[in-house]
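> pasting the sequence and the predicted coordinates here, then a few questions.
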Amino acid sequence: MDLKDIQRHIDQVMNEQNNSSVQEFEGYSAFEMHHILNLTFETNSPISFQKLTDSDYAKIPMHNQIKYFLDLIKKTGEIKLTAKGFLPTKIVKDIYVQGYLEEPLFTSGTHQLYKESDSMTVNLTRLLVELSGLTKKRNGKLSLTKKGEEISSDSFKLFNLIFKTITTKFNWAFYDGYGDNQIGQLGFGFSLILLHMYGETKRHDTFYAEKYFNAFPDLVDSEPLSDFDTPIERARSCYSLRTFDRFLDYFGLIQIETAREKWKTDKYITKTDIFDKLIKVRPHNMRYGS
């Protein structure tokens, strides 16, 4: 056996290892997980997105709120921002009262909405359109870019762009106190796969958190010790908040049910019909077209 034969044999062994099913990855291989993590929307990823009907896009809260905001800018031509670069109170209230995304503080009546920084969902809306390149700031005024004018009326392109922006450009740790780590955002595609596989049945949020950290155990180490919970408990809580409450629910992909049990509130997750219409997941080692 010459050097070329030896190298060929090594390459074959490595290829077989990379494409072998991994239990912690729900049967997907290391090669497939690489694409799930780093190339989620590319051809070799097991995950692909399908085009929805206009009536289905109309059921997606975040899509509706962003579309409303873009249409608002289009109608007025531009919006004058505050001295600190935020949306004026009138616009903030206008967006929020449409009811696309509700926040418990305002729904309960314990807090009043006065400015953009009061509302996480309105602030997130503005940040996402900026990160997506749909708006621009000039001389303290916000207006649509050429890209924004073209895409705002195309639900398919708008949704795909916003979805990619929130998963790859926006920092999920921005609004919470769990630390600047990648819990939830890293491997969001794996969470989509888990929902595809198990979301038909109502399950506790910890069911998904356990599978997520079984696949990515190193992320638990990023959570500091607390006097009130263990690192894994805190990590699970962080995962649930970011993945379910502030991502999948915003896009209408899950239903969340809560039940109060003595000192804690249990959270149960079920995927929606929009999830199955939108997200297609191919099994381990199945090629496109198979």
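Sure, I can see it.
> so what's the nearest residue to residue 106 once chain neighbours are set aside up against?
The shortest distance from residue 106 to any residue other than its chain neighbours is 5.5 Å, reached at residue 113 (C-beta to C-beta, 6 or more residues apart in numbering). Every C-beta, even on glycine, is put in place using the N, C-alpha and C of the backbone. Going by C-beta atoms under 8 Å, 6 or more residues apart in numbering, residue 113 touches 92-93, 96, 106, 119.
> filter those residues down to the ones in helices?
92-93, 96, 106 (DSSP state H).
> now neighbour count and pLDDT too, for the residues you listed, in TSV please.
Below are the ones in helices among the contacts of residue 113 laid out as TSV (neighbours: other C-beta atoms under 10 Å; pLDDT from 0 to 100):
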residue	neighbour count	pLDDT
92	22	96
93	17	94
96	21	95
106	16	80
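> let me know the closest of those residues to residue 50.
residue 96 (30.7 Å; C-beta to C-beta).
> what about that closest one, distance to residue 231?
Counting by C-beta to C-beta, to the nearest Å, the gap from residue 96 to residue 231 is 36 Å.
> likewise for residue 246?
For residue 246, the distance to residue 231 - C-beta to C-beta - is 21 Å.
> tell me the spacing between the residue most central in space within the chain and residue 62.
Geometric centre of the chain, nearest residue: residue 247, 4.1 Å, by C-alpha atoms, centre = their mean. Going from residue 247 to residue 62 by C-beta to C-beta gives 9 Å.
> which neighbours do those two share?
residue 166.
> helices of the stretch 151-290 of the chain, residue ranges please.
155-168, 188-198, 205-215, 231-240, 273-278 (DSSP state H, counting those that start in this stretch).
> quick one: closest of these to residue 52.
helix 273-278 (5.8 Å).
> show me what counts as buried in the closest one.
Neighbour counts using 16 or more other C-beta atoms under 10 Å place 274-276, 278 of helix 273-278 among the buried residues.
> which one of those residues sits closest to residue 75?
Out of these, the member with the shortest distance to residue 75 (by C-beta to C-beta) is residue 274, at 28.0 Å.
> number of nearby residues for the residue nearest to residue 70 when sequence neighbours are not counted?
Excluding the flanking residues, the one nearest residue 70 by C-beta to C-beta, 6+ apart is residue 152, at 4.2 Å. Residues lying near residue 152 (other C-beta atoms under 10 Å) number 20.
> distance check, residue 46 against residue 197.
From residue 46 over to residue 197 the distance is 11 Å, taken as C-beta to C-beta.
> shared neighbours of these two, anything?
Common neighbours of residue 46 and residue 197 (C-beta under 8 Å, 6+ apart) are residue 281.
> give me the more crowded residue out of those two.
Neighbour totals were compared for residue 46 and residue 197, and residue 46 leads with 24 against 14 (other C-beta under 10 Å).
> can you pull the contacts of the more buried one?
28, 32, 35-36, 193, 281-284.
> can you check residue 255 too?
Going by C-beta under 8 Å, 6+ apart, the list of residues near residue 255 reads 269-272.
> beta partners for it?
residue 270 (DSSP bridges).
> how about CSV for the helices of the stretch 151-290 of the chain, with mean pLDDT and distance to residue 40 added?
Below are the helices of the stretch 151-290 of the chain laid out as CSV (pLDDT from 0 to 100; distance: least, C-beta to C-beta, whole Å):
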stretch, mean pLDDT, distance to residue 40
helix 155-168, 97, 7
helix 188-198, 98, 4
helix 205-215, 97, 15
helix 231-240, 94, 17
helix 273-278, 97, 14
